[in-house]
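S.K.: Provided below for reference: sequence and predicted model.
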Amino acid sequence: MGARKEHELTDHQVDAVVIGAGPGGYHAAIRLGQLGKKVLCVDRDEVGGVCLNWGCIPTKALLHVGEIARHIRGAPELGLNPGELRIDRERIAKFKTDVVNANVNGVKTLFKGNNVEFLYGQASFKSPTEIALKTKGGEDRITAKHVVIATGSAPVDVKAWPRDGTTIINSDDAVKLESTPKELLVIGGGVIGLEFATIYTRLGAKVLVIEALPQILTGTDVEVSKALGRILKKQGVEIMLSTTVGKLEKDGKVVKATFKGEGTGGKDETRTFEMVLVAVGRRPVTDGLNLAAAGLSTDDKGFISVDQQMRTKVGNIFAIGDVTGAPLLAHRAMKQGVVAAEVISGSRSAAFDPIAIPNCIYTDPEVATVGLSEEEAKAKGYDVRIGKFPLAASGRARTMNESDGLIKLVGDAKTDVLLGMHIVAPQAESMIGEGVIALEMGATLEDIGLSVHPHPTLTESIMEAAEAAHGKAIHILNPKPKTPAAV
Ligand code: NAI
């Protein structure tokens, strides 16, 4: 992390202050700067927030390393013999830190280039337009016409499993990669749990994931979640569903965990782990903000409510990103930040009203989804038309020696309009862009099937899944469609 900036000013009069320099906050600040506003961005920690420092960027750097490790282990199958894989944990951690620093410095450069002033400090409302900023050197006062709250979220800590940062950890600790445990217990089969299960398995840990609910990635299309579960198991990750962890007992350098449920045949089971990662969700961060002085409050879960212009109930105060509720995703926060900046700058049309927000889970292979799952579509009363294409039938996937996965499209049988796209595949996070555009443009399954996709690529499988929905995919034996295929 860079050295803290010394500053002389104690009084700041600005058009807008952005509290929080994570992906939401820095987007809002840069857009405000682009629009000629006098803008100050403050954060008690490093520029970039969770995304750049502890979340998206460092975890993806580690996942990339893990993916290469997998390729090296699989190389002999392709006629390459790189020898035994030796893992240099410190060098990997340095690679991750270098990536983080490059991104953080990039945002700082963008701040400078867009006349965004940045200050370190803890912000606290005095009134809707006045903020006290506790800095290292004392207290600054900010008077702002507009305020954007972009304070994000933090891991939920569970009292019964007290975090010590080395044996019982959360995702902020896990990303530091200070050691690789021989046995790792991951509590929570959500996005964070599965991404770290992937990282640590690749680095040689034996990983058990325990999920309280009957599926991993709850809320994801059930077939997709099951497909990922099967792939992870093949990779050596043990997964127990409908199982809960009771006691965690520290015993010297290890932790004894007791758990019970479907995964243990209903009996109490106790195992010893070198490390336990608690990944059971994230909570909004508003501590120290003194929201009441601004006339604001949070809902019963701690989130701040906003409208489509990102306005809170106090006219000059906006809130964006994780602090406004689910889904807790950086790309949602980024777009919301831009909307808030444009509304503050006088736009009457700016609004955050996407048809769907994509979700990417960086397991190996990745899972990417956008729109409705089959279950959600049915629950909403749609008569669904499903199109599926297994990666095993993709020529390109075979050339990559990566044929585990599938593409699943959910359509409305009445109108043929696409409702959801779900992908388990390498590069799924890039492929899903096609689903986002298709949903925003109101594309039908037929539109997707008729669009000429390049060959040989993984995206062809999206086209074939759309064709499969009409019983006319070429590279699979088509299931009989409910409605006869049109010629
Ligand atoms: P999550 O809500 O996705 O998953 C937590 C899981 O823990 C749930 O499945 C829940 O049933 C389970 N759980 C809760 N209590 C439990 C217990 N006592 N025993 C066993 N299981 C238990 O939360 P997660 O994974 O911590 O992620 C938080 C947020 O961060 C998510 O909303 C996600 O969208 C976001 N995120 C997004 C990423 C991405 O886009 N790639 C990466 C990391 C986080």
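M.R.: Happy to help now that I have it.
S.K.: which SS class is residue 297?
M.R.: coil (DSSP: H, G, I helix; E, B strand; the rest coil).
S.K.: tell me who's in contact with it.
M.R.: Residue 297 makes contact with residue 291, according to Cβ atoms under 8 Å, 6 or more residues apart in numbering. Using the backbone N, CA and C atoms, a C-beta is placed for each residue, glycine as well.
S.K.: quick one, phi/psi of it?
M.R.: Torsion angles at residue 297 (phi, psi; degrees, to the nearest 10) stand at phi -140, psi 170.
S.K.: for it, give me the pLDDT.
M.R.: pLDDT, residue 297: 97.
S.K.: just checking, what packs against the longest strand along the chain?
M.R.: The strand that spans the most residues within the chain, counting by DSSP state E, is strand 138-149. For strand 138-149, the packing partners by 3 or more Cβ pairs under 8 Å, 6 or more residues apart in numbering; DSSP states H and E come out as strand 11-19, helix 23-34, strand 39-43, strand 122-127, strand 130-135, strand 317-319, helix 330-344.
S.K.: for the ones you listed, give me JSON lines that also has distance to residue 419 and mean neighbour count.
M.R.: Below are these laid out as JSON lines (distance: least, Cβ to Cβ, whole Å; neighbours: other Cβ atoms under 10 Å):
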{"stretch": "strand 11-19", "distance to residue 419": "36", "mean neighbour count": "21"}
{"stretch": "helix 23-34", "distance to residue 419": "28", "mean neighbour count": "28"}
{"stretch": "strand 39-43", "distance to residue 419": "38", "mean neighbour count": "26"}
{"stretch": "strand 122-127", "distance to residue 419": "41", "mean neighbour count": "18"}
{"stretch": "strand 130-135", "distance to residue 419": "44", "mean neighbour count": "19"}
{"stretch": "strand 317-319", "distance to residue 419": "30", "mean neighbour count": "28"}
{"stretch": "helix 330-344", "distance to residue 419": "20", "mean neighbour count": "24"}
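S.K.: can you tell me which of those is nearest to the ligand?
M.R.: helix 330-344 (7.0 Å; Cβ to the nearest ligand atom).
S.K.: that closest one versus strand 39-43: what angle between them?
M.R.: If you take axes from the mean of the first three to the mean of the last three Cα atoms, to 10 degrees, helix 330-344 sits at 150 degrees to strand 39-43.
S.K.: beyond helix 330-344, next helix or strand please.
M.R.: Using DSSP states H and E, the helix or strand that follows helix 330-344 in sequence is strand 359-361.
S.K.: do that next one and the ligand meet?
M.R.: Yes. Using Cβ under 6 Å from any ligand atom, strand 359-361 comes into contact with the ligand via 360, 361.
S.K.: ok, the residue nearest the centre of the chain - contacts?
M.R.: Centroid-nearest residue in the chain: residue 329, 5.1 Å away (criterion: Cα atoms, centre = their mean). Each residue near residue 329 by Cβ under 8 Å, 6+ apart is listed here: 357, 359.
S.K.: what is the helix or strand following the longest strand of the chain packed up against?
M.R.: As assigned by DSSP H and E, the chain's next helix or strand after strand 138-149 is strand 153-155. On a contact count with 3+ Cβ pairs under 8 Å, 6+ apart, strand 153-155 meets strand 282-284.
S.K.: so what touches the strand it packs on?
M.R.: In contact with strand 282-284 (Cβ under 8 Å, 6+ apart) are residues 151-156, 298, 301-304, 322-323, 325, 328.
S.K.: so residue 201 is in contact with residue 238, correct?
M.R.: No. If you go by Cβ atoms under 8 Å, residue 201 and residue 238 don't touch, sitting 9.8 Å apart.
S.K.: now the common contact residues for the two.
M.R.: Counting by Cβ under 8 Å, 6+ apart, the residues touching both residue 201 and residue 238 are residue 207.
S.K.: which one of those two has more residues nearby?
M.R.: More crowded of residue 201 and residue 238, by other Cβ atoms under 10 Å: residue 201, with 23 against 16.
S.K.: what does the stretch 101-250 of the chain have sitting close to the ligand?
M.R.: 187-193, 195, 210-213, 218, 244-245.
S.K.: so which of these sit within strands?
M.R.: Counting by DSSP E, those contribute 187, 210, 244, 245 to strands.
S.K.: drop anything exposed from those residues.
M.R.: 187, 210, 245 (16 or more other Cβ atoms under 10 Å).
S.K.: now do the contacts for the residue of the stretch 101-250 of the chain found nearest the ligand.
M.R.: In the stretch 101-250 of the chain, the residue that lies nearest the ligand is residue 190 (1.8 Å; Cβ to the nearest ligand atom). Neighbour list for residue 190: 211, 216, 217, 218, 279, 280, 281 [criterion: Cβ under 8 Å, 6+ apart].
S.K.: buried ones in stretch 40-58?
M.R.: 40-44, 46-58.
S.K.: what distance separates the start and the end of that stretch?
M.R.: Stretch 40-58 has an end-to-end distance of 26 Å (Cα to Cα, to the nearest Å).
S.K.: all set now, cheers.
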